[in-house]
Structures are given as structure tokens and as C-alpha cells.
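**Q** got a structure for you, letters missing:
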């Protein structure tokens, strides 16, 4: 009997079942979070084509699929990876890709939380906040924006860095610098570079990674004697160099690829340098005038430097833990990144979600430990002081974030009604058409035109105004390299755009009625060479005259 049981247990299938059972016992919490991510994203799969930025990514991705060169023949102002991710057959595939991406990203965040806390409650709190704010529509977490994709790369980088400090987050010593650690730090830097190549503000998240050895150093300095500073300085220097080297390698490879393709000048102009121009062109007027200086790059940079210096000094004085330093420092740089362009777009603030979620976990961890200490608080007065300082700094940075978000006029998207609306559609309380039209006023017109132009996949078309959704919906290619009028006006590219339209002679041109500003030369060209097919609520459809 025992022999038969032993043989049964040695069966490969039984061994896998036992392994899976053990895995489920230890990782059940993670699976709940991952199921929540998938479940909460189900309605996003059935959304109509309606969101502008997503449509631009899909339009550029489709143009690349049809042989156009990124930044030379088809242009948007973000770094390249997001457009290659968007080379999928449809919006539904893009949403499915994002779902898988965020399942993996959530997994990495969960394990980072475990490395930070090693207590269940703070892990639950931090991961729950992460899932809620990166998944629900409030900050556009349901839409494939660049912030969510760059977040995945950034969290892999952070995980690799934190992994080597897993025993030292609360009592840090000299940073490890064995060969294995150095290699993985270099790989962490590569992923940090990939995040930058997805969206430029991730450069600030890379800065957060470089703060880790800087903050660890603050705990290791005991004297000004060189003999005591040498090892910590060398270790910190190696960490910073290897992370930076990995990031630089990613960016250099992207430059080399552009060079081999003959698009390097265009890549530099639109993919990299244009972001500097974009970040400085929007100066909002804040209701509280005394806060207006906070929109300037100099003031934001100064605040960030002071914030990091304060955290370093507190580490030097042993008044804060390394985990709290990392969470607070990363929150500071992510706050800077989300405010880089001063624009009130909710998805920009997704960059703040990972560090703020970790910071909430740090606060919960400290409170839980204080409660565990009970009557022994006097004997642990140093920890009480550290916990109090961490809470105070969290309140300060949290209040400042909330103040500036409200002053910028950031308004999140409705969440409860979003799911209610989908439920009504799924249960046939409203029609699919009513559901689709509720997202944007343009949806009805676009659906009619998409039905009319259903055979235009891969064909050239031009839209003067802002309606990249139609390009993406019918998979047509813009007859000019710019997908929206914003870039034409911003770069004063009217002459080149008209020349491209005349050269390419698209069969259809759409003139948006709500377009701010005129393009007289284009209007004259359209009236001379095209005829009106249909007047819709928001635009007019023109067709090339047959000679």
C-alpha cells in the first residue's frame, strides 16, 4: 500500500498538481489581485473607438505596418516603443495587450511590496491601491496610455534593484557589489531605458532608481574619514554607474536602429527633442496666484532637489528608514514627472500611483509595528520618531499633490457610472449604439463614415482637425505625416502638409467643423479638387473628383 502510494506521488502529473496546490496556498493573495485586474478591465474590451491618444498610437502603428517609417513618414511626439506596441490588428487587441501587460505589472508591484514590508497588511493595502488606481477609469487606467506601458518597464527595474536590498530595507549596510548583482543592476538599467523609450517622463522614474544607492549611502556614513567612506562610496558609485549604463545602452541602440533606417534626424527631432518643446508650451493660470510659480521648471526642480536633500539628511541622522526614503523620494520625482508639461490630463498622474501606493504601505507598516510594540514604545523611541517623521512627510507631499491637482483642474473620469453603463448594455437595457454614443459625440458620425468607407483599409485619407479615431477605426493612413492638426499648427508646417496632400492625392478628405483656426490654402485645394459626399454633424466628407 505504501509502495503504491509512493509510486503515485512520483507520477509527473501528480507532482505538478501537488506543486500547484502548494503554490496556490502561498500565492492566493496575488491571484486575487490579478483576477481583479482582469475582471475590472472586461468593460474596456467592448468600448468603441473614441479616445484620441489611443487612436493616434493605433494610426501610427498601422502606418508602420504598411511600410511607413516612424518619425519620417508618420509622426507623433512620443518615444518609439508605444507605437510598436500599437501595431496590433485592432483596438480590442490593444486593450487585450494592455490587460496582459497590467497583470504582469501588478505581479511585479506585488512582489516589490513583499520585499518592502514582509507583512501581509501593508502588502494588501499598497497592492489594492495600485490595482484600483491603475485599473479604474478615474485616471484613465482602462485605456492604453503610455504611462501604463512605461510603468511595467519601470517596476521591473525597481524589482531588480530592491531584490538585492531585501534584507536591508530597514537596517541598510554596505550595498552588495558582487558580479551577479552588477549584472542584474545593468539589466535593471536596460528596463529603465525601455521605459524612457515608451514615454519620456519615465526618465524621472529612472532618477528614482538612482536615488536608492544615494539614500543607502546616507545610512552608511559614520565619519568623514576616508577609510570609513571608501567602501560605501564605491558600492554606491557602482550601482549608479551600472543602472545608468543599462539605460544609456537602450537609448543608444534605439538611436543606432534609427541611423541604420535613415531616420535619425527625424527621430531626434520628433521622438526626443520635441518633448522639450511640448513640456514648455503650456502655462496654466492657477486660481491661487501664489501657487503660480510652481508651474515653472526652475521652481519644480528646486523643490525636488530640496526634497531629496531633506530625505538624505534624515537618513544621515538615522531619523528615517531606507524603505521610507525610497518611497518618499520616488514620490517626489514621479510628482515632478507628472507635472512636467503642466497639463491637466488625468493619465499623466498614473505615474504617481506606484510610489504613492508603496508610501501608503510604509505608513501602514509603521502603524502596525507601533501597535505590535504596545507598552514597549518607550524602549523603541527611535522607531516612534522615524514613524512620526515618515507620516509627517507623507502628509506634506500628499497635501501638495492634492493641492496642485485641484489647482490644475484635473478631473477624473466617472467610475461607478462607467460600470453601470456597461452592465446595462450587457443586459440589453440599452442598445450597443446607445452605449457607444455615450462615450463621445463623434462616435455616431465616425461609425457612419466607417461603414461607408469600410473598404479603405491601408488607403490614404486626410482629416483636417482632430479626429485620429477615424483613421484607427477604418485603418486608413494619413496623407500627411501628422495625424492631427495640432502638430501642423504647432510646428507651422502648413506648406509641407499641403504639398504632401497634393502629392499623395487621398481619395477622401474630412474637414472638421470644430477646428480652431483656418487653413485657407487647404480649403481652396479641397474645393477645387474634391466634391462633397456628405455633411455630418461634426465634419464634412469630401471625395476626390474623377478626371
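**A** Received, thanks. Source: prediction; values computed, not measured. Numbering: from 1, shown residues only.
**Q** show me what contacts residue 238?
**A** For residue 238, the contacting residues are 175, 177, 182, 185, by C-beta atoms under 8 Å, 6 or more residues apart in numbering. Yep, even glycine has a C-beta here, placed from its N, CA and C like the rest.
**Q** tell me the mean pLDDT for the helix or strand encompassing it?
**A** Element membership for residue 238, per DSSP states H and E: helix 226-261. Regarding helix 226-261, the rounded mean pLDDT is 88.
**Q** Give me the buried positions along the helix or strand following that helix.
**A** Following helix 226-261 in sequence order, the next helix or strand is helix 264-266 (DSSP H and E). Buried residues in helix 264-266, counted by 16 or more other C-beta atoms under 10 Å: 264, 266.
**Q** what's the answer for stretch 244-256, then?
**A** Result for stretch 244-256 [16+ other C-beta under 10 Å]: buried residues 244, 246-247, 250-251, 254.
**Q** Serialize those to CSV and add fields for distance to residue 363.
**A** Shown next, in CSV, are the buried residues of stretch 244-256 (distance: C-beta to C-beta, whole Å):
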residue, distance to residue 363
244, 31
246, 32
247, 30
250, 34
251, 36
254, 39
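**Q** And stretch 86-94, how far out from the chain middle?
**A** Stretch 86-94 sits 18 Å away from the centroid of its parent chain (C-alpha atoms, centre = their mean, to the nearest Å).
**Q** Over to stretch 321-332?
**A** Distance, stretch centre to chain centre, for stretch 321-332: 20 Å (C-alpha atoms, centre = their mean).
**Q** just stretch 488-498 next, same as before
**A** Average the C-alpha atoms of stretch 488-498, do the same for its chain, and the two points are 29 Å apart (C-alpha atoms, centre = their mean).
**Q** Could you give the average pLDDT over that stretch?
**A** Averaging pLDDT along stretch 488-498 gives 91.
**Q** That one spans what distance, first to last residue?
**A** 10 Å (C-alpha to C-alpha, to the nearest Å).
**Q** Stretch 133-142 too?
**A** With C-alpha to C-alpha as the measure, stretch 133-142 spans 10 Å from end to end.
**Q** List the contacts of the residue nearest in space to the middle of the chain.
**A** Closest residue to the average C-alpha location of the chain: residue 147 at 1.2 Å, with C-alpha atoms, centre = their mean. Shown in contact with residue 147 (C-beta under 8 Å, 6+ apart): 199, 201, 347-348, 350-351.
**Q** any idea which of those has the most stuff around it?
**A** Neighbours here mean other C-beta atoms under 10 Å. Within the contacts of residue 147, the largest count is held by residue 351, at 29 neighbours.
**Q** Roughly how far does residue 75 sit from residue 232?
**A** 47 Å (C-beta to C-beta, to the nearest Å).
**Q** Counting neighbours around each, name which of the two comes out higher.
**A** Using other C-beta under 10 Å, the more surrounded residue of residue 75 and residue 232 is residue 75, with 24 against 21.
**Q** Off-centre distance for the helix holding residue 238?
**A** That offset, for helix 226-261, works out to 23 Å (C-alpha atoms, centre = their mean).
**Q** Stretch 185-200 now?
**A** Relative to the mean C-alpha coordinate of its chain, stretch 185-200 is positioned 13 Å out (C-alpha atoms, centre = their mean).
**Q** try stretch 149-169
**A** Using C-alpha atoms, centre = their mean, the offset of stretch 149-169 from its chain centre is 16 Å.
**Q** tell me the mean pLDDT for it?
**A** 85.
**Q** So which bits of that stretch are buried?
**A** In stretch 149-169, counting by 16+ other C-beta under 10 Å, buried: 149-162, 164-165, 168-169.
**Q** Give me the subset of these lying in helices.
**A** 149-162 (DSSP state H).
**Q** Make a markdown table from the residues you listed and add distance to residue 330 to it.
**A** What follows is those, written out as a markdown table (distance: C-beta to C-beta, whole Å):
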| residue | distance to residue 330 |
| --- | --- |
| 149 | 19 |
| 150 | 14 |
| 151 | 12 |
| 152 | 16 |
| 153 | 15 |
| 154 | 10 |
| 155 | 11 |
| 156 | 15 |
| 157 | 11 |
| 158 | 8 |
| 159 | 13 |
| 160 | 15 |
| 161 | 11 |
| 162 | 11 |
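**Q** from these, which is closest to residue 396?
**A** residue 158 (23.2 Å; C-beta to C-beta).
**Q** what's the span of stretch 256-275, first residue to last?
**A** Stretch 256-275 has an end-to-end distance of 20 Å (C-alpha to C-alpha).
**Q** ah, wrong one, I meant stretch 289-301
**A** Per C-alpha to C-alpha, the first residue of stretch 289-301 is 19 Å away from its last.
**Q** contacting residues around that stretch?
**A** Contact with stretch 289-301 is made by 279-280, 283-286, 303, 336, 339, 342, 403-404, 407, as judged by C-beta under 8 Å, 6+ apart.
**Q** How about stretch 486-493?
**A** Residues contacting stretch 486-493 (C-beta under 8 Å, 6+ apart): 75-77, 281, 466, 480, 482, 494, 497, 517, 519.
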